[in-house]
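Colleague: give the three-dimensional model of this entry:
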Amino acid sequence: MYPVVSTGPDVTRQVLADSPALMTVRFHFARAGAEGALHQHPHVQSTFVASGRFRFQVGGESFEVGPGDAFVIPSGVTHGCLCLEPGDLIDGFTPRRDDFL
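Modeller: Below you'll find the predicted structure:
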């Protein structure tokens with residue numbers, strides 16, 4: 001089992017599974033107002049909202065998502081989120097994010 005790691009105030013990350021080609025990660029947002037800072041990376045990312053509500057910024061677009069919603073963030077696109085209701089995001093990355101290990 002991988003450790004739970006703080007990524008900022010009231011936000012944690014835990015790798016759930018990985019291989020060189022793919023990684024699954026849970027991000028937990030403990031309170032409304034917690035943020036996933038704007039960033040970009042070379043990995044393609046899929047995001048599934050397991051619980052909670054979030055406002056995402058992906059490229060120049062802003063949208064809200066809730067439980068059961070899913071979307072893909074292309075490689076190299078700047079993105080981040082604001083937690084509107086506490087919850088969990090399940091992210092897939094391809095290839096694996098070695099910086100998370």
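Colleague: residues in contact with the residue lying closest to Pro20 once chain neighbours are set aside?
Modeller: Nearest residue to Pro20 in three dimensions, chain neighbours excluded: Arg96, at 5.6 Å (Cβ to Cβ, 6 or more residues apart in numbering). All C-beta atoms are positioned from the backbone trio N, CA, C, and that covers glycine. Arg96 makes contact with Asp18, Ser19, Pro20, Ala21, Leu22, Met23 under the criterion Cβ atoms under 8 Å, 6 or more residues apart in numbering.
Colleague: out of the residues you listed, which comes closest to Ser51?
Modeller: Nearest to Ser51, judged by Cβ to Cβ, of these is Met23 at 20.6 Å.
Colleague: quick one on the thing from earlier: tell me how far the residue nearest to Pro20 lies from Thr24.
Modeller: 10 Å (Cβ to Cβ, to the nearest Å).
Colleague: can you tell me the SS state at the closest residue to Glu64 other than its chain neighbours?
Modeller: In space, and not counting its chain neighbours, Glu64 is closest to Arg55: 5.1 Å by Cβ to Cβ, 6+ apart. At Arg55 the chain is in strand, as set by DSSP: H, G, I helix; E, B strand; the rest coil.
Colleague: for burial, what's the neighbour tally of Arg55?
Modeller: 14 (other Cβ atoms under 10 Å).
Colleague: partners of it in the sheet?
Modeller: Glu64, Leu82 (DSSP bridges).
Colleague: residues contacting it?
Modeller: Arg55 neighbours (Cβ under 8 Å, 6+ apart): Ser62, Phe63, Glu64, Cys81, Leu82, Leu84.
Colleague: hmm, Gly80 and Gly59 touching each other?
Modeller: No - using Cβ atoms under 8 Å, Gly59 makes no contact with Gly80, being 11.1 Å away.
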